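A.B. asks: Mind looking at a prediction? Sequence and model below.
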Amino acid sequence: MNEFPTTNPHGKVLAAIDESAYTESVCRHAAWAAAKLDAPLELVHVLDRDLRSPAVDLTGNLVLGTSEALLAELADLDERRGRLAQERGRLLLEQARNFAAKEGADATTLLRHGGLVDVLGEQEPGVRLFVLGKRGERDGFARGHL
């Protein structure tokens, strides 16, 4: 019995993109693979689950009434950050589609919230090949890990 899941021989090529230096390469390689496999291409960008401001315990540090105003302002800021992150993600996906189009691929796009591993796991049943960059946007140029 095979303990590893088998790939879907009729599935799509799924390329996970971010704002790292590897995005264009990921798109071009995924487009090439999709053409060779005669498979549809989908580009996915995952937004972090938690775009909110870092948690700060202000208990006892604020005058009554001030904390309510500050909390309302922080909630508004979180909402604006979320909208900006979604817009940034849509623009990134559009740029990625253009990279794939230069290679002759007509890609669909998917913008999701959550963790990368969770999102890729959810998509796995319909995927024949995953294409990912060497490092994510937050890993800089750290050596020795993917």
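C.D. replies: Received it, and whenever you're ready, just let me know what you need.
A.B. asks: drop to CA atoms for contacts and neighbour counts, all remaining ones
C.D. replies: Will do.
A.B. asks: Pull out the buried positions in the lowest-mean-pLDDT helix or strand in the chain.
C.D. replies: Lowest by mean pLDDT, DSSP states H and E among the helices and strands of the chain is helix 66-102, with a mean of 90. For helix 66-102, a neighbour-count test (16 or more other CA atoms under 10 Å) marks 78, 82, 86, 89-90, 92-94, 96-100 as buried.
A.B. asks: could those be laid out in CSV, adding distance to residue 33?
C.D. replies: Output for the buried residues of helix 66-102, formatted as CSV (distance: CA to CA, whole Å):
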residue, distance to residue 33
78, 39
82, 33
86, 28
89, 23
90, 23
92, 21
93, 18
94, 20
96, 15
97, 15
98, 16
99, 14
100, 11
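A.B. asks: Assign a three-state SS to residue 18, would you?
C.D. replies: coil (DSSP: H, G, I helix; E, B strand; the rest coil).
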